[in-house]
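Engineer: All I have is the shape, not the residue letters:
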Ligand SMILES: Nc1nc2c(ncn2[C@@H]2O[C@H](COP(=O)(O)OP(=O)(O)OP(=O)(O)O)[C@@H](O)[C@H]2O)c(=O)[nH]1
C-alpha cells in the first residue's frame, strides 16, 4: 500500500513537472509560433484519417464490376467450348483458345476434361490448383495471387435420355454433369498503383491544406504580433525617456485600436505627471541650492557663499594682481536691542542694516551675512581709498539709522575692519584674519569707526 502511494506520488510529481515544462515551453513561444502550432495541431488527426481512408479503400482489382466481367467471360468460354470438350475436338479447342489467348490481359487459359487432363493450355496457370478447379460448380472467381486473377467455369455435359429398355416410351433423363472446366487467368490491374494515386492525391490535398493553414497562421501572426511588438517597443522607448512616442490610432482590429488609444492616453498621463514631478524636483533643487548659499533672515549670500567668493578673489589677486578689499562689519551693542526689544526686534534690525549695506555698495560688490550680527563685504576691483570711502559712508548711514520698535527708538552703529587683498595674501584664512583683526581694532578704539589694515602692517584708522 505504502509503495503504491509512493508510486502514485512519484507519478503525480512527474506529471506536474512535465506539465509545468510544457506550459513553460508554450509561454516561451511567440504569437506566430502559437498560431503555427494551432495550424499544425490537426496534422496527426489528418494523417490518421488519411491512412484509415486509404486502408478501407477497396482494391481496384476487386471491384464488383471487374469480377463480374471475369466471371461472365469464363462462363461464356465454358459455353462456347462445350461441344469441343464433349466431343473431344482438341484442334477446334486450340483454335478457339488461340483466338482468345491473344488478348492482352490473358496470362493463362486452360481447358480440362473431367479427369483434370488439360485438353488445351496456353500459359502456365499459377493461381488455381486442380483441386480448386474441379470443385467449381458454377462460373466464379477463384483467387488473386501474384498480380493475377483466376476465374473458373465448368463445361457442362449435354442433358441426355437413357433408354431403360422397358418400353418405347420409357427413358430416364440424365442430368448434365461437369464434362470439363475452363480456367482463365488474367492480369490483375495494378491495385497498388491505383492506391498510390489515391494516396498521392490525398497527400497533396493534405499538404495543400497544411500549407494553407501555415500561410494563414503566419499572416495572422504578423497581423496580430506586429502591433503587439510595436506596443512593446513603445513601452521600451517610453522607459528610455522618449515621451513623444505615440501608437497609430488606425491599427488593424478594434481591440488593437482600443489598446493603442489606451496606451497613448497612459503615456500622455505619465508624461504630464512626469513633467509635474520634474518641475517640483527642479523647484526644490533650486530652493535647496538657494538656501544652501543664502541667509534665510536677510536674503543675503551666507557664509558658505562668501567663503567661496573670497577663495576666488584671493586666487584672482595672486594670479592676475586683481585687487580687492575685504570688509568685516560687526554691529555695536546689538545684544541690547535683543535684550530690550526681543529677538524679533533684533531680526528686524538685522534686515534693516542688510538693506542699508546693500544700498551703499556697488553692484559688483558682494554683501553677505556671515554670522549673528556680522556682515562681510567683498569690494572687487577696488582700491583701498575707494573702499575706505564706500565703507565710511556706510558707517555714517548705519549710525544715522534710528531703529524703531514698539514705540522705542534704538540708535545703532557698527565697527568696520578693512583688509586689502593683494598678491601677498596667500589664502582666504589669512585675509579673514587681517579683516577680523582690523574690526577688533575698530571695536577696541571705541566702535562706530573703520580700521584699514594692510597685509603685514599694524593698521590705521580710515
Ligand atoms: N535677533 C537675533 N539675534 C542674534 C542672531 N544671531 C545672533 N544674535 C545675537 O547677537 C548677539 C551678538 O553678540 P555680540 O556681538 O557679542 O553682542 P554685541 O552686543 O553686539 O557686542 P559688541 O559686538 O561687542 O558690541 C548675541 O546676543 C546673539 O544672541 C539672530 O539671528 N537674530
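Structural biologist: Here it is on my side, so go on. Please read all numbers here as calculations on a predicted model, not as lab measurements.
Engineer: after the helix or strand where residue 267 lies, next one along is what?
Structural biologist: Assigned by DSSP states H and E, residue 267 belongs to helix 254-293. Using DSSP H and E, the helix or strand that follows helix 254-293 in sequence is helix 303-320.
Engineer: elements contacting that next one?
Structural biologist: helix 254-293, strand 324-331, strand 366-371, strand 374-380, strand 414-421, helix 428-444 (3 or more CB pairs under 8 Å, 6 or more residues apart in numbering; DSSP states H and E). Every C-beta, even on glycine, is put in place using the N, C-alpha and C of the backbone.
Engineer: Name the SS class of residue 21, please.
Structural biologist: Secondary structure, DSSP: H, G, I helix; E, B strand; the rest coil: residue 21 is helix.
Engineer: Against residue 30, how distant is it?
Structural biologist: Per CB to CB, to the nearest Å, residue 21 is found 18 Å from residue 30.
Engineer: about what we covered before: what packs against the helix holding residue 267?
Structural biologist: With 3+ CB pairs under 8 Å, 6+ apart as the test, helix 254-293 has helix 191-239, helix 303-320 packed against it.
Engineer: What are the buried residues along the shortest one?
Structural biologist: What it means is helix 303-320. 305-307, 309-310, 313-314, 316-318 (16 or more other CB atoms under 10 Å).
Engineer: before we move on, what about stretch 240-248?
Structural biologist: For stretch 240-248, using 16+ other CB under 10 Å, the buried residues are 245, 247.
Engineer: what about it, how long is it end to end?
Structural biologist: Chord length of stretch 240-248, first to last residue, is 20 Å (CA to CA, to the nearest Å).
Engineer: what's the closest non-adjacent residue to residue 311?
Structural biologist: residue 428 (5.2 Å; CB to CB, 6 or more residues apart in numbering).
Engineer: so what's the one you found up against?
Structural biologist: 307, 310-311, 314 (CB atoms under 8 Å, 6 or more residues apart in numbering).
Engineer: before we move on, what about residue 127?
Structural biologist: 142-146, 148-150, 185.
Engineer: quick one: it from the ligand, how far?
Structural biologist: 130 Å (CB to the nearest ligand atom, to the nearest Å).
Engineer: Shouldn't that residue be within a helix?
Structural biologist: No. Membership of residue 127 in a helix is not supported by three-state DSSP, which gives coil.
Engineer: And the pLDDT at it?
Structural biologist: With respect to pLDDT, residue 127 scores 87.
Engineer: Please apply the same query to residue 436.
Structural biologist: So, for residue 436, pLDDT stands at 96.
Engineer: ok, for the closest residue to the ligand within the stretch 351-462 of the chain, nearest residue in space, not its chain neighbours?
Structural biologist: The nearest approach of the stretch 351-462 of the chain to the ligand comes at residue 372, 2.6 Å away (CB to the nearest ligand atom). Excluding the flanking residues, the one nearest residue 372 by CB to CB, 6+ apart is residue 334, at 7.5 Å.
Engineer: go on, residue 424?
Structural biologist: Closest to residue 424 by CB to CB, 6+ apart is residue 455, at 5.0 Å.
Engineer: returning to that earlier point: which of the helices and strands packed on helix 254-293 sits closest to residue 179?
Structural biologist: Among the helices and strands packed on helix 254-293, the nearest to residue 179 by CB to CB is helix 191-239 (35.0 Å).
Engineer: Residue 116 against residue 132, yeah?
Structural biologist: No. Between residue 116 and residue 132 there is no contact, the gap being 11.4 Å when judged by CB atoms under 8 Å.
Engineer: ok, back up a step: could you verify my assumption that the residue nearest to residue 372 touches residue 374?
Structural biologist: No. Contact status for residue 334 versus residue 374: not in contact, 9.5 Å apart, counting by CB under 8 Å.
Engineer: what's the residue nearest to residue 372 in contact with, if anything?
Structural biologist: Here residue 334 is in contact with 346, 349, 372-373, 412 (criterion: CB under 8 Å, 6+ apart).
Engineer: rewinding a little: mark which of the contacts of residue 127 are buried, thanks.
Structural biologist: 142, 144, 148-150, 185.
Engineer: can you narrow those to ones near the ligand?
Structural biologist: When these are checked against the ligand using CB under 6 Å from any ligand atom, none falls in range.
Engineer: which one of those residues is nearest the ligand?
Structural biologist: residue 144 (123.6 Å).
Engineer: Can you read off the pLDDT for residue 159?
Structural biologist: 63.
Engineer: Could you do residue 6 as well?
Structural biologist: pLDDT, residue 6: 62.
Engineer: ok, now the one 10 residues further on?
Structural biologist: Predicted confidence (pLDDT) for residue 16: 69.
Engineer: Walk me through the domains of the protein.
Structural biologist: Following automatic domain parsing, the chain resolves into domains at 63-189, 303-461.
Engineer: Can you pull the residues of the protein lying near the ligand?
Structural biologist: For the chain, the residues in contact with the ligand under the definition CB under 6 Å from any ligand atom are 297, 330-335, 338, 343, 346-347, 350, 372-373, 443.
Engineer: now, the most widely separated pair of the contacts of residue 127?
Structural biologist: Maximum distance among the contacts of residue 127 (CB to CB): 13.2 Å, for 142 and 146.
Engineer: Count the residues that sit near the closest residue to residue 146 other than its chain neighbours.
Structural biologist: Excluding the flanking residues, the one nearest residue 146 by CB to CB, 6+ apart is residue 126, at 5.7 Å. Look at residue 126: counted by other CB atoms under 10 Å, it has 14 neighbours.
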